[in-house]
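Colleague: Dropping the sequence and predicted coords here.
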Amino acid sequence: MTTSHGKIKTPFFMPCATVGVVKGVSSEELQEIGYEIILANTYHLYLRPGEKAIKKLGGLHRFMNWDKPILTDSGGYQVFSLGKNFKDYAEEIQNAALVNVNKDGVWFKSHLDGSKHFFTPEKVIDIQLRLGSNIIMPLDYCPSAEADKKEIKKAVSITNVWFDRAWGHFNKQTKNMQNRPAIFGIIQGGFYKDLRKKSFDFLSQFEVDGFAVGGVANGGESKLKQRRALEYTAPFLPKNKPCYLMGVGEPEDIIYAIKYGFDMFDCVLPTRLGRHGTVWVTSNWKTFKKIDLRKSQYRQDKKVMMENCRCPACSAGYSRAYIGHLIKSGEMLGMRLASLHNLWIINELIKRIRQSI
């Protein structure tokens, strides 16, 4: 893919810089590992520090000292998940707010302070343009993992209506823009083949730059359901446009999805696992094991996290025992070292897959 901030070799993985930072890792370290693109979150950056403040500071790239491409997701998933942390809002959003989303947008409450906000398809585009995103994701309706077919059908219809509005607004706002960002369509439909096809058929009438598949990693889905959803969707995805499987980050799942033609992935797992002392190890780059360095069996373990690993932590010779000790002690260095290792593992896996292709 070619963007105004450089080219990206596909397939690729995007570390999640949710609030403008990949937790505990600097932009320089990400580039040293080999990452060419990151993902930032519209919902979180809108709430704090605000997209207007970021624009005044020179845009998101300058704000976080990252000169390579950035994809911003729409914040739709966070709107429908984090807002429900407020008990008084959970009932309201179920009984009233969602009734009107198909014609206006969606009301939500901030997970920070409970303040009420309104997202429309147009507003979400404007926020991402102010941030200076290279790849923009439109607002979509993200049903829960437990949703039945009726709710998922509604999510497809709403996502389609919202995209129609987002598309028109995006083209109006970027008509005379020199470095026009890319925009993707998001295919919803849960684990139902007919709904996935309905969603794609609608989006395919627009000249989008790529397609994203949502609703396979909302939390709670079984591996079988996840794989069924991508197997249903993959056959009708175009070969000449990038295809993005949203929220998937387990090594085996990435391998499986690339076999079906997916090009782009993102997930918080590498750093989330690392902060809790869990790292991936592999001997064949086909199967992966998670080890928890906090466990007593690693207390006297002098070995590095993984033999023949060239991550910053293993290359420097930090032992499993030491990193486990740091994490159990709440020391940031241990969390950073484990996170850097996991980020290296994913990037190395993707690199090997690119070479094999």
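Modeller: Cool, got the structure. Model, not experiment: these values are computed from the prediction.
Colleague: from here on, contacts and neighbour counts on C-alpha atoms
Modeller: OK.
Colleague: What is the host helix or strand of Ala166 packed up against?
Modeller: Using DSSP states H and E, Ala166 falls within helix 149-174. Secondary-structure packing of helix 149-174 (3 or more CA pairs under 8 Å, 6 or more residues apart in numbering; DSSP states H and E): helix 121-131, strand 182-187, helix 193-203.
Colleague: To His5, which of the ones you listed lies closest?
Modeller: His5 lies closest to strand 182-187 among the helices and strands packed on helix 149-174, at 12.0 Å (CA to CA).
Colleague: rewinding a little: among the helices and strands packed on helix 149-174, which is the most enclosed?
Modeller: Mean neighbours per residue, mean count of other CA atoms under 10 Å, is largest over the helices and strands packed on helix 149-174 for strand 182-187, with a mean of 25.
Colleague: thinking again about what came up before, what comes up buried for the helix holding Ala166?
Modeller: Using 16 or more other CA atoms under 10 Å as the test for burial, helix 149-174 gives 152-153, 155-164, 166-167, 169-170.
Colleague: And for stretch 251-260?
Modeller: Applying a neighbour-count criterion of 16+ other CA under 10 Å, one finds Pro251, Ile254, Ile255, Ala257, Ile258 buried in stretch 251-260.
Colleague: and if you look at stretch 34-46?
Modeller: Neighbour counts over stretch 34-46 (16+ other CA under 10 Å) mark Tyr35, Glu36, Ile37, Ile38, Leu39, Ala40, Asn41, Thr42, Tyr43, His44, Leu45, Tyr46 as buried.
Colleague: So which of these are in helices?
Modeller: Thr42, Tyr43, His44, Leu45, Tyr46 (DSSP state H).
Colleague: Mind putting the helices and strands packed on helix 149-174 into CSV with mean pLDDT?
Modeller: Below are those laid out as CSV (pLDDT from 0 to 100):
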stretch, mean pLDDT
helix 121-131, 98
strand 182-187, 97
helix 193-203, 97
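Colleague: Among the ones you listed, which comes closest to Ala316?
Modeller: The minimum distance between Ala316 and these falls on helix 121-131, with 36.5 Å, by CA to CA.
Colleague: packing partners for the closest one?
Modeller: Looks like helix 121-131 contacts helix 42-47, helix 51-56, helix 149-174 (3+ CA pairs under 8 Å, 6+ apart).
Colleague: For Thr278, which of those helices is the nearest?
Modeller: Among the helices and strands packed on helix 121-131, helix 42-47 comes nearest to Thr278, with 25.9 Å by CA to CA.
Colleague: helices or strands up against that closest one?
Modeller: By 3+ CA pairs under 8 Å, 6+ apart, helix 42-47 packs against helix 76-81, helix 121-131.
Colleague: Output the ones you listed as TSV; include the columns distance to Cys267.
Modeller: Converted to TSV, the helices and strands packed on helix 42-47 look like this (distance: least, CA to CA, whole Å):
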stretch	distance to Cys267
helix 76-81	13
helix 121-131	20
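Colleague: To Asp263, which of those lies closest?
Modeller: Shortest distance between Asp263 and the helices and strands packed on helix 42-47, using CA to CA, is found for helix 76-81: 21.0 Å.
Colleague: From the ones in helices among the buried residues of stretch 34-46, pick the one nearest Phe108.
Modeller: Scanning these for proximity to Phe108, where the rule is CA to CA, the winner is Tyr43, at 10.5 Å.
Colleague: quick one on the thing from earlier: out of the buried residues of helix 149-174, flag the one nearest to Asn240.
Modeller: For these, the nearest to Asn240 is Trp167 (20.3 Å; CA to CA).
Colleague: hang on, the earlier thing: which of the buried residues of stretch 251-260 fall in helices?
Modeller: Using DSSP H, the subset of these located in helices is Pro251, Ile254, Ile255, Ala257, Ile258.
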